[in-house]
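Visitor: take this sequence and fold it.
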Amino acid sequence: MSTQGVVFLADLANPTLAACSEESRTKLLRCGVVRQVAEDEKLFAEGEAAGVVLFPLSGSYRFSKTADRGRRQVLCNLGCTTCQGICLLTMAERSLADVVATSAGQVLLVKRADFQVLARTDPVLCQAGWQAAVECMSHFSNLVEQLSFRKVAERVALTLYDGVAQDGEMVRLTQSELAAEVGTTREVVARCLAALQAEGVVRLGRGRITVLDRKRLKEEAVQ
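Guide: Just a heads-up that it's a prediction; the model follows:
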């Protein structure tokens, strides 16, 4: 295990690693692998052999699935504090999604069997694993609700609304990326954005969208 990985864990940005015992952290490092990941690097492809528990230490990561015709759906975006700092989507024998770094960082990968052994002896790890599963199920329940019951225009408005805190802020997403977030095609998103721009709610730029009226954007999202 590299010294760099040990130093990063000492920073304890990951809440589960911060809360579990020093003995458990040492064991996790000993049996796991700290991997440096570059921006846009793919950690796992959907269906690729996995069987690991993923602890993000820094950076951000996107899980998505791609249909045969190329349409992509983002399942979730992961950071070092998401789901208690433990991701279980790579715990199955095969990865359930493509996992790509959206910013450079480090991850700790621990084999499923090793994590299960440690979780039996450290109650913090055990509880964090259960909590991560609960948060994951809650997130996917909400995603199903959004895709099933909300119109595309509402989903676009909601995603933009959640992406900024005040008027004048930018959402740095291309139309293709936004389409993957809301579960539709780029062409449909383009029409939704054009309508919002015509109403003075947003301003479109190259690879970014500026929110001009967050209040009206929220109204569009909850019609």
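Visitor: for residue 62, helix, strand, or coil?
Guide: Classification of residue 62 using DSSP: H, G, I helix; E, B strand; the rest coil returns strand.
Visitor: domain ranges for the protein?
Guide: The chain breaks down by automatic domain parsing into domains covering 3-148, 150-221.
Visitor: any idea which residue is closest to the centre of this structure?
Guide: In the chain, the centroid-proximal residue (C-alpha atoms, centre = their mean) is residue 77; its distance is 1.2 Å.
Visitor: secondary structure element for that one?
Guide: In this structure, residue 77 is located in strand 72-78 according to DSSP states H and E.
Visitor: within its sheet, name the partner strands of that strand and how each one runs.
Guide: Paired with strand 72-78 in the same sheet, following DSSP bridges, are strand 52-66 (antiparallel).
Visitor: buried set for the partner strand?
Guide: 52-64 (16 or more other C-beta atoms under 10 Å). Every residue, glycine included, has its C-beta placed from N, CA and C.
Visitor: can you give me the helices for this structure?
Guide: 3-10, 15-19, 22-31, 112-121, 123-149, 152-162, 175-182, 186-198, 214-221 (DSSP state H).
Visitor: output the lowest mean pLDDT helix or strand found in the protein.
Guide: Here the helix or strand of the chain ranked lowest by mean pLDDT, DSSP states H and E is helix 3-10, holding a mean of 44.
Visitor: contacting residues for residue 195?
Guide: residue 153 (C-beta atoms under 8 Å, 6 or more residues apart in numbering).
Visitor: actually residue 104, not the one I typed
Guide: 36-39, 59.
Visitor: change it to 10 Å
Guide: 36-41, 58-60 (C-beta atoms under 10 Å, 6 or more residues apart in numbering).
Visitor: residue 183 too?
Guide: The contact partners of residue 183, by C-beta under 10 Å, 6+ apart, come to 71-74, 143, 146-148, 150, 152, 155.
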